[in-house]
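>>> The following block contains a protein sequence and its predicted model.
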Amino acid sequence: MNQSENFETTMNSELTDLNSPLLQSVINAWIELQSKQPLVHIITNAVASNYVANVLLAAGASPAMIDNPFEAESFASIASALNINLGTPTSEQMQAMQIAAQTAQNLNKPWVLDPVGYGPVLPWRSEMVDQLLQYKPSIIRGNASEISGLAGNQGESRGVDSTLNSAEIYLNAVPLLEHCECVAISGESDFILSKEMNAVIQINGGSYLQPKVTASGCALGALTAAYCAVSESLTAGTVAAHLHFAIAGQKAYEISSSVGSFNVAFLDEIYSLNEDDFNQLANMQIYAL
Amino acid sequence: MNQSENFETTMNSELTDLNSPLLQSVINAWIELQSKQPLVHIITNAVASNYVANVLLAAGASPAMIDNPFEAESFASIASALNINLGTPTSEQMQAMQIAAQTAQNLNKPWVLDPVGYGPVLPWRSEMVDQLLQYKPSIIRGNASEISGLAGNQGESRGVDSTLNSAEIYLNAVPLLEHCECVAISGESDFILSKEMNAVIQINGGSYLQPKVTASGCALGALTAAYCAVSESLTAGTVAAHLHFAIAGQKAYEISSSVGSFNVAFLDEIYSLNEDDFNQLANMQIYAL
Amino acid sequence: MNQSENFETTMNSELTDLNSPLLQSVINAWIELQSKQPLVHIITNAVASNYVANVLLAAGASPAMIDNPFEAESFASIASALNINLGTPTSEQMQAMQIAAQTAQNLNKPWVLDPVGYGPVLPWRSEMVDQLLQYKPSIIRGNASEISGLAGNQGESRGVDSTLNSAEIYLNAVPLLEHCECVAISGESDFILSKEMNAVIQINGGSYLQPKVTASGCALGALTAAYCAVSESLTAGTVAAHLHFAIAGQKAYEISSSVGSFNVAFLDEIYSLNEDDFNQLANMQIYAL
C-alpha cells in the first residue's frame, strides 16, 4: 500500500455533510459529561497522575486512580469507563491493567488503551500492550511513533516523544481497527480513525506549546475515556475529547505564550469551555477511509 | 439514634464562649508552625504527593514522603508527626503504613489517618484502614462518604469523591471517637468532632472550586499532621489546618474563578496567610456534642 | 584539615580569567540543548516526576521516566544521559537504578546521582547510594546535608531538607571527587567542585522561594544530566544547569513573590531564557581548590 497515494485520495473525498451531525453529537457528549460526571477508572503513570486528575475534574468527570491488582476488578465494575496508560508501569500495575481490561470487556464498558513508549526499546510494556489487545480496547490512543509501531510498522521510537508526523502515518494505523472502534493519533493535527464511520476525522487547533507540557497526551487519553462513558457513540466521545483539548489549547495560547502560564490557562479553559466554544472554534474535517 | 433530631439539638447549643480561646490556640499553632517548621512523615498517594509537599512547604512545614517499609520505622521515629493516606496504595506502602503507624503510637507522636476511598468497592485498602485503627490515630480525616462508611454506616461510596453531605452525616461519626481524638469531615462546610471538647466545630469558607483541584483533601490531612506536631492540643491543630485551608481558599477565589489559576492563587494564599487573616476571616461555630 | 582556614585561602585565589571561557562553554551547551533535545533517562521520586519532566521539556530536553528493571538496560543504552534520584525508592526502582547506572558506565554516558535524604536515618537508600558509587557517576548532586554525609562527615540530616549551609561545607566534599568528575552542592549559593578544573565554581542567584517549591533540587539534577549530554565538558554542563536555574529563579522572583505564582513564572523563565540572559545575569566566581 502506497501511503502518499492513499493520502492524496483521502484528502480528495471530504465528507462535509457529516461534519455538522458529528459536532452536535460532540456537544451532546459535553452536556452529558457535565450532568453525569462519570466515574473514570484510571491506571496511569507517575508523571501524569496529578495532571490527569486535574484535567478530568476541570472537564467535568470524576477520576479515580485505582492501580492495584487487589481492587482492579471491583472498581472497574462500578466505573463508567477505563483508561490504561503504560507510561511508568510497575509489576503491580501490570497485573491491575490485565484485570481491569478484562473486566471492562466483560461488562462492555468503554476503555482506552494508551501504549506509551511502545516499541523495541521498551519491550516489557510493549508485550503487555500486545496482550491487552485481546481485551478489545474501545479506543487506542497514542502519538504517531507509538501507533505506527503498534500497527506493525518499523517505528523510529525515541523515548516517549514521537519522531513521526501524525499526518503522514495515520493510514498505517488502519489495521489497528481490527482490535478497536477508534484509533486516535495526536500531533500537530490529531487524526481519529473511526470504524463505525469508515472515516478519518482530522482535528486542528491546540498550540505548539502543548507538547512542552508533560502528560498532555496521557490526559487526553483519560478524557477520551470520560467522554466515551457518556457519549452517543465511541467516535463522538473520542472526537469530543480531542476537540475539547484543541479548543482549550488554542484559547490558552491567546492568553499566554510561555509554558508555565500556558498550562495554568489551559486548565482554566478546559474548565470554562462551553457549547459556544465548540460551535465557534471546532476545526475538523472528515475524510472517507 | 435519630440523626435529624440530634442535628437540631446540636444546632441549638452553640458554645460561643469557646470560640475566642480556640481561635487563639489556632493562631498560636500557626506561629509555632512558622518557627519550628516541623518535619512531617507522609505516606500518600501518587496523585497527591507533589501537591501535598508544595502545600506543606507553603504553609511552613517540612514534608518528607518516606513510603518504603525499610525506612518507615527510623523515619517515623525522628519525624514530629505522621500522615497516612490510602489513595493509591502499593504492597510496599501498605507495609510501610503499618510500621510507621505503630512507631508513631509507640512514641506518642500525632498521626493522621486519611481513609481515601473507604468502602466495599475498595476492600484491600478498607481492611488496611480497619487494621490501622488499632494504632490509635490521633485524627481521622476524610470526606462524608469515607467517614460515614468507616463509622459503620451503609456508605454510598463512589470512587474517591463523596456522595454524602458533611452536614448531614457528622453525627454518624461520633462512634469513631473511640479510636481517635478528633474526626475531621471535609465538605462544603468542614466538621471537626473533638473528644477533648465534647463538641463539634463547624468551619465555613473555602470555595466551590476546591473539590475541582485534585488532592485538596489529601493536602488538608497532611497539613493537619503538621499543625498537630506543634499545637497546644490536637483539636487546635486540626482546626488550624482546616481554617488555614478555608481562609486561603476564600481569598484565592476572590482573585481567580477558574481552576488552574485558582490553584496557583490558593498556594500563594496558603503561603502568605497571617495572623490578621485568622482574626478577620476565621468563620467557625462550636456546638456541644 | 581546618575548614575555615581553607575557606579563607580559597576565597583569596579567585580565577577570574577562567570566568569568560566557562561562560562561553555554558552558552554553547545551551545552544546544543535547544538543537539536539537530548533524550534523558530519569529514575526519580513520586513527588518530583511531573515537575522534573516539565522543567526538562521547558529547558529544551526530552525526558523519559523509565524506572522498571525490565527496561532499564535497553533504555539507558539509547538515552544520552541518565539521572538517578533516591527520593522515594521502591524495590523495583532500586533494581532499575543499578542496571541503568551500570549501563551508563559501560557505555560511557554521563550520569547524575542525586542521593536524596542520604544519612543514618534513611539507611536503605544510603546503602544503595554507596553501592551506586562503584558505577562512577559523572556528577554527584545534592544539598549540603546530603553531600556532607556522603563525604563521610557526621551529617545533621533532617528528612530531605538540608540543615547545613553549602558555603560552609563544600570543602568537606572534596574527597567525593574520587568517585566523580563534579560535585554540585545546592543552597543559597550553589558550589560546583570540578576535578577537571581543580576549582570550585560558586553560583549566585535564584530566590529564597526556590526551597519552598518541592523537587527543585530533583529538577536541577535532571537538568544537569540533560546539559551534560550535549556540553563540551561535564563541568560546563553542570554549571550550565545551575546557571539556568539561578537566572530563571531570579527573573521569576521579579515577577512574583508568592510560591504558587513564583513556580509558574519559574517554568516560564526556564523556557524563555536565552543567550542574552546568560551574558547579562550569570553570576559566578571560580576559585582554585
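Thanks, I have it.

>>> shaky segments in chain A?
A:1-12, A:154-161 (pLDDT under 70).

>>> So which residues on it come close to chain B?
Residues of chain A lying close to chain B by Cβ under 8 Å from any Cβ of the partner chain are A:39, A:46, A:49-50, A:53-54, A:57-58, A:62-68, A:70-71, A:74-75, A:78-79, A:90, A:92, A:263-272. C-beta: built from backbone N, CA, C; applies to glycine.

>>> 7 Å - rerun?
A:39, A:46, A:49-50, A:53-54, A:57-58, A:62, A:64-68, A:70-71, A:74-75, A:78, A:92, A:264-268, A:271-272 (Cβ under 7 Å from any Cβ of the partner chain).

>>> residue contacts, the residue in the stretch 1-150 of chain A positioned nearest to chain C?
Closest approach between the stretch 1-150 of chain A and chain C, counting by Cβ to the nearest Cβ: A:W124, at 3.9 Å. Contacts of A:W124 were listed using Cβ atoms under 7 Å, 6 or more residues apart in numbering or on different chains, and they are C:N68, C:F70, C:E71.

>>> for the longest helix along chain A, which positions count as buried?
Counting residues, the longest helix found in chain A (DSSP state H) is helix A:234-255. Buried residues in helix A:234-255, counted by 16 or more other Cβ atoms under 10 Å in any protein chain shown: A:234-253.

>>> after it comes which helix or strand?
Where DSSP states H and E defines the elements, the next helix or strand beyond helix A:234-255 is helix A:259-272.

>>> Burial check on the residue in the stretch 151-289 of chain A that chain C sits nearest to, number of neighbours?
Proximity to chain C, evaluated over the stretch 151-289 of chain A using Cβ to the nearest Cβ, is greatest for A:G260 at 3.0 Å. As a burial measure, A:G260 scores 27 neighbours (other Cβ atoms under 10 Å in any protein chain shown).

>>> can you check the one 4 residues further on too?
A:V264 has 27 neighbouring residues, counting by other Cβ under 10 Å.

>>> so what's the closest residue to chain B within the stretch 101-250 of chain A up against?
Nearest residue of the stretch 101-250 of chain A to chain B, counting by Cβ to the nearest Cβ: A:A248, 10.2 Å away. Neighbouring residues of A:A248 by Cβ under 7 Å, 6+ apart: A:F266, A:E269, A:I270, A:L273.

>>> how does it look with 10 Å?
Contacts for A:A248 (Cβ atoms under 10 Å, 6 or more residues apart in numbering or on different chains) come out as A:55, A:58-59, A:205-207, A:210, A:265-273, A:277, A:281.

>>> Distance of A:G187 relative to A:A282?
Per Cβ to Cβ, to the nearest Å, A:G187 is found 18 Å from A:A282.

>>> Run through the residues of the stretch 51-200 of chain A sitting next to chain C.
Residues of the stretch 51-200 of chain A lying close to chain C (Cβ under 10 Å from any Cβ of the partner chain) are A:51-52, A:87-94, A:116-117, A:120-127, A:157-161.

>>> Helices along the stretch 51-200 of chain A, start to end?
If DSSP state H, counting those that start in this stretch is used as the criterion, the helices of the stretch 51-200 of chain A fall at A:72-78, A:91-106, A:123-132, A:144-150, A:166-169.

>>> if we can go back for a sec, and which of the contacts of A:W124 is nearest chain B?
Using Cβ to the nearest Cβ, the contacts of A:W124 come closest to chain B at C:N68, 13.3 Å.

>>> isn't that closest one right next to A:M128, touching?
No. If you go by Cβ atoms under 10 Å, C:N68 and A:M128 don't touch, sitting 11.0 Å apart.

>>> what's the angle between the longest helix of chain A and helix B:259-272?
50 degrees (axes from the mean of the first three to the mean of the last three Cα atoms, to 10 degrees).

>>> contacting residues for A:S194?
Here A:S194 is in contact with A:22, A:139, A:177, A:181-184, A:200-201, A:233-236, A:238-239, A:286, A:289 (Cβ under 10 Å, 6+ apart).

>>> now do 6 Å
Taking Cβ atoms under 6 Å, 6 or more residues apart in numbering or on different chains, we find A:S194 in contact with A:C182, A:T235.

>>> and what of the one 3 residues further on?
By Cβ under 6 Å, 6+ apart, the contact list for A:M197 reads A:T235.

>>> re earlier: out of the helices of the stretch 51-200 of chain A, which one sits most buried?
Comparing these by mean neighbour count (mean count of other Cβ atoms under 10 Å in any protein chain shown), helix A:144-150 comes out on top with a mean of 27.

>>> what residues are up against A:P115?
Per Cβ under 6 Å, 6+ apart, neighbours of A:P115: A:L86, A:V129, A:G142, A:E146, A:L150.

>>> Present the residues you listed as JSON lines; the columns should include distance to A:G221.
Listed next are these as JSON lines, based on distance: Cβ to Cβ, whole Å:
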{"residue": "A:L86", "distance to A:G221": "11"}
{"residue": "A:V129", "distance to A:G221": "13"}
{"residue": "A:G142", "distance to A:G221": "8"}
{"residue": "A:E146", "distance to A:G221": "11"}
{"residue": "A:L150", "distance to A:G221": "14"}
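
>>> Just list the residues touching A:L18, thanks.
So A:L18 contacts A:I286 (Cβ under 6 Å, 6+ apart).

>>> With distance to C:I192 added, can I get the helices of the stretch 51-200 of chain A in TSV?
Shown next, in TSV, are the helices of the stretch 51-200 of chain A (distance: least, Cβ to Cβ, whole Å):
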stretch	distance to C:I192
helix A:72-78	47
helix A:91-106	38
helix A:123-132	37
helix A:144-150	36
helix A:166-169	42
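
>>> ok, now how distant is A:L164 from A:N153?
9 Å.

>>> Which one's more surrounded, those two?
A:L164 (22 against 16).

>>> wouldn't that one be in contact with A:I147 here?
No. In terms of Cβ atoms under 6 Å, A:L164 does not count as a neighbour of A:I147; the distance is 8.7 Å.

>>> what does stretch A:58-75 contact?
The contact list for stretch A:58-75 (Cβ under 6 Å, 6+ apart) reads A:33-34, A:37-43, A:49, A:53, A:56, A:92-93, A:95-96, A:99-100, A:103, A:223, A:226, A:267, A:270-271, B:47, B:88, B:121-122, B:124, B:159-161, B:259.

>>> got the buried residues for it?
Buried-residue list, stretch A:58-75, by 16+ other Cβ under 10 Å: A:58-72, A:74-75.

>>> And for stretch A:132-145?
So, applying 16+ other Cβ under 10 Å, buried residues of stretch A:132-145: A:L132, A:L133, A:Y135, A:P137, A:S138, A:I139, A:I140, A:R141, A:G142, A:N143, A:A144, A:S145.

>>> and which of the contacts of A:P115 is nearest A:G217?
The shortest gap between A:G217 and any of the contacts of A:P115 belongs to A:G142, at 7.3 Å (Cβ to Cβ).

>>> For that closest one, which residues are in contact?
Residues near A:G142 by Cβ under 6 Å, 6+ apart: A:P115.

>>> how about 10 Å then?
A:85-86, A:113-118, A:129, A:148-150, A:160, A:162, A:166, A:173, A:176, A:183-186, A:217, A:221.

>>> mind checking how far it is from A:Q285?
21 Å.

>>> same check, this time on A:Q210
Taking Cβ to Cβ, one finds A:Q210 at 20 Å from A:Q285.

>>> Which of the two has more residues huddled nearby?
Neighbour count, other Cβ under 10 Å: between A:Q210 and A:Q285, A:Q210 has more, with 24 against 16.

>>> what residues are up against the residue in the stretch 151-289 of chain A that chain B sits nearest to?
Across the stretch 151-289 of chain A, no residue is closer to chain B than A:L267, which sits at 3.0 Å (Cβ to the nearest Cβ). Contacts for A:L267 (Cβ under 10 Å, 6+ apart) come out as A:51, A:54-55, A:57-59, A:219, A:248, A:252, B:212-213, B:258-264.
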